[in-house]
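Trainee: I need the structure of the sequence given here:
(2 chains)
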Protein chains: 2
Amino acid sequence: MIDLKAFFHMSYGLYLVSSRDGDAVAGCTVNTLSQVTAEPVRMTVAVNKDNVTAQVIQRSGLFTGVALAQSAGMELIGAFGFHSSRDYDKFGAFRTAEDENGVPYVAEQTVARFSCKVIDEVDLGTHILFVGEVLSAERLSDEEPMTYAYYHKVKNGVTPPKASTYQPEAGVKKGFRCTVCGYILEADTLPADFICPICRQGADKFVPLGG
Amino acid sequence: MIDLKAFFHMSYGLYLVSSRDGDAVAGCTVNTLSQVTAEPVRMTVAVNKDNVTAQVIQRSGLFTGVALAQSAGMELIGAFGFHSSRDYDKFGAFRTAEDENGVPYVAEQTVARFSCKVIDEVDLGTHILFVGEVLSAERLSDEEPMTYAYYHKVKNGVTPPKASTYQPEAGVKKGFRCTVCGYILEADTLPADFICPICRQGADKFVPLGG
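Mentor: Presented below is the predicted three-dimensional model:
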């Protein structure tokens, strides 16, 4: 028996992983970035095959992860979690920089950057696990990192459909859910002029919880 | 340039991973257990090759991870982090149970259990990354899980030498370090009858920090 709620007891950070192959630039939110060895420093990250990011990493053999700051806004998380790199310039609205490999990364609301060269790939079915050797790493801020628990509990964050394997527990009793991106507004009433902070849709795209 | 302090901004949980192959039972602390896919549910864990646990997992093709509770004691963490399964019965001092595969796991001070069958192995140099398909999972408690940040900051926990890739920042200015297991006592003076809470050595095995 697999009780999926057992997985709520796992702890993760929240990261953006990006890559570039020529003109193709892509990035997405993940919670699966992990350091796995110290000498040499190696990291793994699992990326959904449906994400453009996975394909760009496969072609370029490069990925760059940044750890989000606890103060990171839903606009940033939403841009990378709820939109596709196919049809949306995720990097356009944020201050970005390029690492030594020419891979762009978000340089604001982030606390550390890790630039990796892919040395192995494991097919996990729905996802590809990339094993990367760290070429460079730097601190971007001394802020606390965002944890997945903080994102869900404090920010009422929902899980990007393709970005993660985690399904948050429904802790919100009264509120409204955005039918476009899944964002949940915890409130008794929905203002007619409400704009989804993640996907910018209007109140007409919201439905009551449990409705 | 690789700034190792950037890795302090990664977030992890703290887990015990165990296995059994016939009479050989082994377990160790890890921070690298991670769910990587949802359908089917798969997890990865990186285990140092020098740990007996890695060898037992390789032989049996099974591993069971438990997530530690935030309230877990240093005795439990120390038993699995600072001793070798070669010469120490790590399970003896704690309440244990056996999963469907006959693998023992610690059933106290833990919040969730994940029993996995190895479906792939990746050689990471110093470590082996095991990819496991989850056969069963259950909640063991509704307590908060222990995060690696909590372990280091609140409990002054040190990093088991083989258990992890993470090196904690030296935040303690005045105190004494156990030369056997690395435990740090934050205090102005060392009581003559002090006993290391992790490895049970006496005060004669402690040296002043910076000394």
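Trainee: Roughly how far does A:Phe176 sit from B:Asn51?
Mentor: 49 Å (C-beta to C-beta, to the nearest Å). C-beta coordinates here come from the backbone N, C-alpha and C atoms, glycine included.
Trainee: I should have written A:Gln109 there, sorry.
Mentor: When C-beta to C-beta is the yardstick, A:Gln109 and B:Asn51 sit 37 Å from each other.
Trainee: Break down chain A into its strands, ranges please.
Mentor: For chain A, the strands identified by DSSP state E occupy A:15-21, A:24-30, A:34-38, A:41-48, A:62-68, A:96-98, A:104-106, A:110-123, A:127-139, A:175-178, A:184-186, A:206-208, in order along the chain.
Trainee: so how far is the longest one off the chain centroid?
Mentor: In terms of C-alpha atoms, centre = their mean, to the nearest Å, the centre of strand A:110-123 is found 14 Å from the chain centre.
Trainee: wait, which of the strands of chain A is closest to B:Asn31?
Mentor: Each of the strands of chain A was checked against B:Asn31 via C-beta to C-beta, and the shortest separation belongs to strand A:34-38, namely 8.4 Å.
Trainee: which helices and strands does that closest one pack with?
Mentor: When contacts are defined as 3 or more C-beta pairs under 8 Å, 6 or more residues apart in numbering or on different chains; DSSP states H and E, strand A:34-38 packs onto strand A:41-48, strand B:41-48, strand B:127-139.
Trainee: got the angle for that strand vs strand B:34-38?
Mentor: Angle between the axes of strand A:34-38 and strand B:34-38 is 130 degrees (criterion: axes from the mean of the first three to the mean of the last three C-alpha atoms, to 10 degrees).
Trainee: List the pairing partners of strand A:34-38 within its sheet, with orientation.
Mentor: Applying DSSP bridges, strand A:34-38 is found paired with strand A:41-48 (antiparallel).
Trainee: Show me what counts as buried in the strand it pairs with.
Mentor: For strand A:41-48, the neighbour count (16 or more other C-beta atoms under 10 Å in any protein chain shown) marks A:41-48 as buried.
Trainee: That strand - what's its average pLDDT?
Mentor: Per-residue pLDDT values over strand A:41-48 give a mean of 96.
Trainee: do you know how far A:Lys90 is from chain B?
Mentor: Taking C-beta to the nearest C-beta, to the nearest Å as the measure, A:Lys90 and chain B are separated by 21 Å.
Trainee: What is the neighbour count of A:Lys5?
Mentor: Residue crowding around A:Lys5 was assessed by other C-beta atoms under 10 Å in any protein chain shown; the count is 14.
Trainee: What separation is there between it and chain B?
Mentor: Spatial separation of A:Lys5 from chain B under the definition C-beta to the nearest C-beta is 6 Å.
Trainee: For the nearest residue to A:Lys174 once chain neighbours are set aside, grab phi and psi.
Mentor: When the adjacent residues along the chain are set aside, A:Lys174 lies closest to A:Asp188, with 5.9 Å between them (C-beta to C-beta, 6 or more residues apart in numbering or on different chains). For A:Asp188, the backbone dihedrals are phi -80, psi -30 (criterion: degrees, to the nearest 10).
Trainee: okay, now the domains of chain A?
Mentor: By the record's domain assignment, chain A is partitioned as A:4-149, A:170-211 (automatic domain parsing).
Trainee: Export the ones you listed as CSV, with columns for distance to B:Glu100.
Mentor: Rendered in CSV, the data for the domains of chain A read as follows (distance: least, C-beta to C-beta, whole Å):
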stretch, distance to B:Glu100
domain A:4-149, 14
domain A:170-211, 29
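Trainee: Between those domains, which one is closest to B:Arg59.
Mentor: Relative to B:Arg59, the nearest member of the domains of chain A by C-beta to C-beta is domain A:4-149, separated by 21.2 Å.
Trainee: what's the first-to-last distance across stretch A:185-196?
Mentor: Counting by C-alpha to C-alpha, to the nearest Å, the length from the leading to the trailing residue of stretch A:185-196 is 9 Å.
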